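Undergrad: got a sequence here, can you model it:
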Amino acid sequence: MFKLIFVLALSVSCCWCSKFQSSKIPQCHVGDTQCIKESTNVILSKFYGGEPRVALAQIDPLKIQKMQIKQGGDNPVNIDLTFNNVELHGLRNFQCTSVKGFGENPNGQYELRFKGPAFVLKGPYTINGRILVLPIQGNGVSNFTLEHPELHVKFTGKTRTKNGKVHLYTDDLRMTFKIHRMQAHFSNLFNGNKELGDTTNQFLNANWQDIFNEIKGSIFDAFSLITQSMLNNMWAHHDYNHMFKQ
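TA: Numbering: from 1, shown residues only. Presented below is the predicted three-dimensional model:
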């Protein structure tokens with residue numbers, strides 16, 4: 001479910017570009033993961049609105065044009081849930097807790113971990129299907145909250161050269177996370193039937209753990225694709241060899 005997400009917070013890796021000297025974001029030496037972690041947290045807390053000089057997009061709120069969670073077959077949760085033109089709130093309050101990678105050779109394995117108080121996804125939705133034993137159908141406005149997520153992002157760094165510049169990219173980013181609780185509210189379920197809508201929202205929140213366990217794979221996939229696209233777009237503007245202090 002989740003431009004994990006992550007957005008999202010992972011676009012903070014551009015904080016080591018030399019152009020950040022003019023934007024008051026700390027620069028780091030290549031491979032200095034402690035410094036990179038601290039610079040990442042500066043980005044999250046102070047530059048979440050974006051920094052055009054280094055191609056850093058706004059990450060809070062993170063605007064997501066479309067995100068789909070689709071699961072069929074004989075699964076207990078069989079739904080087609082689509083979010084359109086929604087906003088993901090909360091990344092400014094996250095902390096990067098560890099970083100691996102970003103060495104002299106950009107090719108190889110990378111790993112980042114984040115934690116924060118909440119992700120809140122707000123905006124229009126459509127849903128159709130079945131959740132456990134309950135049919136569900138509607139379209140309206142959603143408020144989807146994941147409390148105390150702990151994010152784990154892994155990817156293989158690769159490079160491509162263009163006009164003599166080396167650009168980092170990845171094609172296998174994978175984001176997973178643990179949460180303490182999921183809360184959801186979908187307005188206008190069942191064509192605005194208040195009784196059915198209230199009952200369904202209560203059911204979703206009472207059974208959040210079982211529901212999350214069933215759909216978390218689809219949620220991880222959605223967040224991973226969004227984050228990978230954001231990172232690759234940002235990295236395409238920077239030569240890896242000039243991203244660090246010389």
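Undergrad: quick one, helices of this structure?
TA: Assigned by DSSP state H, the chain shows helices spanning 33-46, 194-206, 208-235.
Undergrad: low pLDDT regions in this structure?
TA: Within the chain, the ranges that satisfy pLDDT under 70 run 1-24, 246.
Undergrad: as a quick check, tell me the outermost residue of it.
TA: residue 195 (33.7 Å; Cα atoms, centre = their mean).
Undergrad: name the residues linked to residue 183 by a beta bridge.
TA: residue 145 (DSSP bridges).
Undergrad: neighbours of it, how many?
TA: Residues lying near residue 183 (other Cβ atoms under 10 Å) number 15. All C-beta spots, glycine's among them, are computed from the backbone N, C-alpha and C.
Undergrad: gap between it and residue 39?
TA: Separation of residue 183 from residue 39 (Cβ to Cβ, to the nearest Å): 32 Å.
Undergrad: then residue 200?
TA: 44 Å.
Undergrad: what segments of this protein are strands?
TA: Applying DSSP state E to the chain gives strands spanning 62-71, 77-89, 95-100, 108-115, 118-131, 134-147, 150-162, 165-169, 174-178, 181-186.
Undergrad: figure out which of those strands is closest to residue 241.
TA: Of all these, it is strand 165-169 that lies closest to residue 241, at 5.7 Å by Cβ to Cβ.
Undergrad: now what about that closest one, what contacts it?
TA: Residues from elsewhere that reach strand 165-169 (Cβ atoms under 8 Å, 6 or more residues apart in numbering): 106, 157-161, 231-232, 235-236, 238-241.
Undergrad: identify the bridge partners of residue 119.
TA: The partner residues for residue 119, given DSSP bridges, come to residue 146.
Undergrad: count the neighbours of it for me.
TA: If you count neighbours by other Cβ under 10 Å, residue 119 ends up with 30.
Undergrad: surely it meets residue 87?
TA: No. The criterion here is Cβ atoms under 8 Å, and residue 119 misses it with residue 87 at 11.0 Å.
Undergrad: hmm, back to that, contact partners for the residue farthest from the centre of the chain?
TA: Residue 195 touches nothing, counting by Cβ under 8 Å, 6+ apart.
Undergrad: and the nearest residue in space to residue 75 that is not next to it in sequence, how far from residue 171?
TA: Leaving aside its chain neighbours, residue 75 sits nearest to residue 214 (6.1 Å; criterion: Cβ to Cβ, 6 or more residues apart in numbering). Going from residue 214 to residue 171 by Cβ to Cβ gives 27 Å.
Undergrad: and the two? Which one has more around it.
TA: More neighbours surround residue 214 than the other of residue 214 and residue 171, with 17 against 9 (other Cβ under 10 Å).
Undergrad: measure the more buried one to residue 34 for me?
TA: Residue 214 sits 38 Å away from residue 34, going by Cβ to Cβ.
Undergrad: redo the helices of the chain as CSV? Include distance to residue 187.
TA: Compiled in CSV, the helices of the chain are given as follows (distance: least, Cβ to Cβ, whole Å):
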stretch, distance to residue 187
helix 33-46, 30
helix 194-206, 7
helix 208-235, 18
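Undergrad: between the ones you listed, which gets nearest to residue 76?
TA: Closest of those to residue 76 is helix 208-235, at 5.6 Å (criterion: Cβ to Cβ).
Undergrad: and that closest one, what's buried?
TA: 208, 211-212, 214-216, 218-224, 226-228, 230-231, 234-235 (16 or more other Cβ atoms under 10 Å).
Undergrad: residues contacting residue 116?
TA: 90-91, 93-95, 148-149.
Undergrad: typo on my end, it should be residue 123
TA: Taking Cβ under 8 Å, 6+ apart as the test, what residue 123 contacts is 83-87, 141-142.
Undergrad: just the buried ones from those?
TA: Taking 16+ other Cβ under 10 Å as the criterion, what is buried in the contacts of residue 123 is 83, 86, 142.
Undergrad: how about the nearest residue to the second one, chain neighbours excluded?
TA: Think residue 86. Nearest non-adjacent residue to residue 86 (Cβ to Cβ, 6+ apart): residue 123, at 3.0 Å.
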